[in-house]
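Colleague: Quick check, what structure comes out for this input:
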Amino acid sequence: MSDDTRPAKAFDWLNRASHQHWLESESQRLLDFYRASRRAHGGFGALDADGVLPVDAPADTMITARMTHCYAMAAMQGVPGARGLALHGVEALAGDLRDATHGGWFSQWPLNAEQIDTGDDSKAAYIQVFVALAVSSAALASIEGAGDLLAEAVNVIETHYWDAQTAALRESFSVDWQTEEAYRGGNSNMHGVEAFLQLADVLGDNHWRERALAIVERLIHRHAADQAYLVVEHFDSDWQPWRNYNVDQPAHDFRPYGLTPGHAFEWSRLLLHLEAGLQAHHHDAPDWLLDDARGLFAAATRYGWHVDGRPGLVYTVDWDKQPHVGRRRHWTVAEASAAAAALYQRTGEAEYSRWYEVFWDFIGEHHIDRQNGSWRQELEADNTPCKDALSAKPDLYHAWQATWMPRLPLTPTIASAIAENLTRQN
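Modeller: So this is what the prediction gives:
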């Protein structure tokens with residue numbers, strides 16, 4: 001893209017107390033909005049566009065884990081009422097959402113009709129690592145029952161998902177663990193890196209960072225670097241790229257066809273957290289972590305931002321690096337802002353401060369819903385709000401963390417930094 005889409009002069013928002021105060025205000029606004037996602041019968045469900053929880057909304061494990069993670073951190077901040085919401089999440093993760101027979105966690109409760117008919121609720125690594133993230137945050141916040149769940153979540157990862165031979169996560173199993181999906185996913189391994197970095201901090205065990213580094217070396221330093229730093233998302237069980245995976249489902253929520261610029265931003269930030277964590281604990285951090293973080297950010301802006309004639313970040317590009325799904329998802333630009341903040345903190349280079357302003361200006365103009373609350377989760381390619389089911393607002397996690405990442409050091413991980421009151425001082 002050309003420089004004319006960035007401001008000629010940056011005002012270094014990241015070092016302005018006024019901007020830090022704005023981020024805090026937005027974080028509290030988001031927390032208040034998502035209190036409504038608490039289900040009376042356990043767990044959390046997806047809110048509609050107006051912030052209303054449908055009466056038939058199931059307890060969703062991903063949402064419950066993300067809410068537990070965020071409200072546990074809010075409890076550590078001293079936000080009144082947050083502790084009760086975190087406890088509500090822990091109780092759901094210890095209750096109906098947990099498979100008391102086979103271990104691990106279901107994707108939702110109650111199961112839908114298809115899951116009941118087939119007797120299957122496949123257990124995806126994506127869900128299990130979010131549970132680990134949630135209960136480790138809750139354990140830091142001293143939420144009752146979280147410590148026992150943390151031990152169980154770690155055991156599930158160790159027993160079923162971590163593949164020592166390939167040094168990465170397996171993807172998905174049947175409910176009884178007898179059938180494994182012949183697929184390996186970049187998305188689940190990315191969130192595995194996030195969870196592993198936090199487990200290293202919470203448990204005081206560096207082998208989780210070593211595992212995170214092994215995943216990063218495979219998916220980013222080998223595969224993404226060969227694809228001009230756009231992240232290869234889909235692989236077969238032998239870790240060979242699966243280029244036509246979901247070609248008939250190009251806008252899939254978690255496994256879209258092609259390449260996802262938003263994930264390049266997210267990986268970029270995670271590489272910097274990994275580098276900082278290794279260095280802080282006196283372990284070797286490869287020089288290529290910073291190089292690859294820069295490469296990922298550059299690729300995501302070059303191939304994802306303002307590439308279809310309009311401001312904003314496209315959801316996916318095809319293998320020729322052309323826009324494929326033009327809708328704009330809120331999490332992609334939230335992660336873009338967090339990656340820009342991390343690279344600016346790491347390098348001090350003004351380019352990243354300018355990008356940070358660009359991304360937040362876009363969020364403020366198009367995603368923040370000042371009338372109905374929270375953020376618009378998805379926009380059409382012309383940046384108008386979506387009118388279909390994707391207008392719902394199920395997700396606190398990405399937006400809320402985007403208000404926190406610029407205020408924290410690169411290590412320790414966000415929950416530990418909040419627990420230790422390590423907000424950066426301006």
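Colleague: my read: Gly95 touches Thr61, true?
Modeller: No: between Gly95 and Thr61 there is no contact, the gap being 11.3 Å when judged by C-beta atoms under 8 Å. For the C-beta atoms, the positions are set from N, CA and C on the backbone; glycine is no exception.
Colleague: Strands of the stretch 1-150 of the chain, residue ranges please.
Modeller: With DSSP state E, counting those that start in this stretch as the criterion, the stretch 1-150 of the chain has strands at 59-60, 108-109, 123-124.
Colleague: Dump those into CSV; add distance to Glu26 and mean neighbour count as well.
Modeller: As requested, these are exported to CSV (distance: least, C-beta to C-beta, whole Å; neighbours: other C-beta atoms under 10 Å):
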stretch, distance to Glu26, mean neighbour count
strand 59-60, 24, 23
strand 108-109, 29, 22
strand 123-124, 31, 25
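Colleague: Could you tell me the least trusted of those?
Modeller: Lowest mean pLDDT within the strands of the stretch 1-150 of the chain: strand 108-109, at a mean of 92.
Colleague: how about the helices of the stretch 1-150 of the chain, start to end?
Modeller: Counting by DSSP state H, counting those that start in this stretch, the stretch 1-150 of the chain has helices at residues 17-34, 61-77, 82-94, 113-118, 125-140, 146-156.
Colleague: nearest to Glu233, of those?
Modeller: Nearest to Glu233, of all these, is helix 125-140, at 12.3 Å by C-beta to C-beta.
Colleague: Point out the other helices and strands that the closest one packs with.
Modeller: helix 61-77, helix 82-94, helix 146-156, helix 186-203, helix 414-419 (3 or more C-beta pairs under 8 Å, 6 or more residues apart in numbering; DSSP states H and E).
Colleague: circling back: distance to Arg35 added to the strands of the stretch 1-150 of the chain, as JSON lines?
Modeller: Formatted as JSON lines, the entries for the strands of the stretch 1-150 of the chain read as follows, by distance: least, C-beta to C-beta, whole Å:
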{"stretch": "strand 59-60", "distance to Arg35": "16"}
{"stretch": "strand 108-109", "distance to Arg35": "20"}
{"stretch": "strand 123-124", "distance to Arg35": "27"}
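Colleague: and Thr384, which of those strands is closest to it?
Modeller: Of the strands of the stretch 1-150 of the chain, nearest to Thr384 by C-beta to C-beta is strand 59-60, at 27.1 Å.
Colleague: That closest one: partners in the sheet, and parallel or antiparallel?
Modeller: According to DSSP bridges, strand 59-60 has the following sheet partners: strand 108-109 (antiparallel).
Colleague: that older thread, tell me which of the helices and strands packed on helix 125-140 is the most buried.
Modeller: helix 61-77 (a mean of 27; mean count of other C-beta atoms under 10 Å).
Colleague: pretty sure Glu380 contacts Tyr315?
Modeller: No: the criterion here is C-beta under 8 Å, and Glu380 misses it with Tyr315 at 11.2 Å.
Colleague: Give the residues shared as contacts by these two.
Modeller: Between them, Glu380 and Tyr315 have 326-328 as joint contacts when contacts are counted by C-beta atoms under 8 Å, 6 or more residues apart in numbering.
Colleague: who wins for most neighbours among these?
Modeller: Arg328 (26 neighbours; other C-beta atoms under 10 Å).
Colleague: my guess is that residue meets Val314, correct?
Modeller: Yes: if you go by C-beta under 8 Å, Arg328 and Val314 touch, sitting 7.2 Å apart.
Colleague: who touches both of those two?
Modeller: Counting by C-beta under 8 Å, 6+ apart, the contacts common to Arg328 and Val314 are Ala381.
Colleague: can you redo the helices and strands packed on helix 125-140 as JSON lines with distance to His273 and mean pLDDT?
Modeller: Shown next, in JSON lines, are those (distance: least, C-beta to C-beta, whole Å; pLDDT from 0 to 100):
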{"stretch": "helix 61-77", "distance to His273": "16", "mean pLDDT": "98"}
{"stretch": "helix 82-94", "distance to His273": "23", "mean pLDDT": "98"}
{"stretch": "helix 146-156", "distance to His273": "20", "mean pLDDT": "98"}
{"stretch": "helix 186-203", "distance to His273": "6", "mean pLDDT": "98"}
{"stretch": "helix 414-419", "distance to His273": "9", "mean pLDDT": "98"}
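Colleague: now Gln108: how far from Val90?
Modeller: 17 Å (C-beta to C-beta, to the nearest Å).
Colleague: right, I mislabeled it, should have said Thr423
Modeller: Taken as C-beta to C-beta, the span from Thr423 to Val90 is 25 Å.
Colleague: same thing with Ala417?
Modeller: Using C-beta to C-beta, one gets 21 Å for the distance from Ala417 to Val90.
Colleague: what does Gly103 give?
Modeller: Applying C-beta to C-beta, the value for Gly103 to Val90 is 17 Å.
Colleague: remind me which residues of the stretch 1-150 of the chain are low pLDDT?
Modeller: Within the stretch 1-150 of the chain, the set of residues satisfying pLDDT under 70 comprises 1-10, 113-121.
Colleague: could you redo the last one with a cut-off of 80?
Modeller: 1-11, 111-121 (pLDDT under 80).
Colleague: How far does stretch 373-388 sit from its chain's centre?
Modeller: With C-alpha atoms, centre = their mean, to the nearest Å as the basis, stretch 373-388 stands 19 Å off its chain's centre.
Colleague: gap between the two ends of it?
Modeller: Start to finish, the residues bounding stretch 373-388 are 18 Å apart (C-alpha to C-alpha, to the nearest Å).
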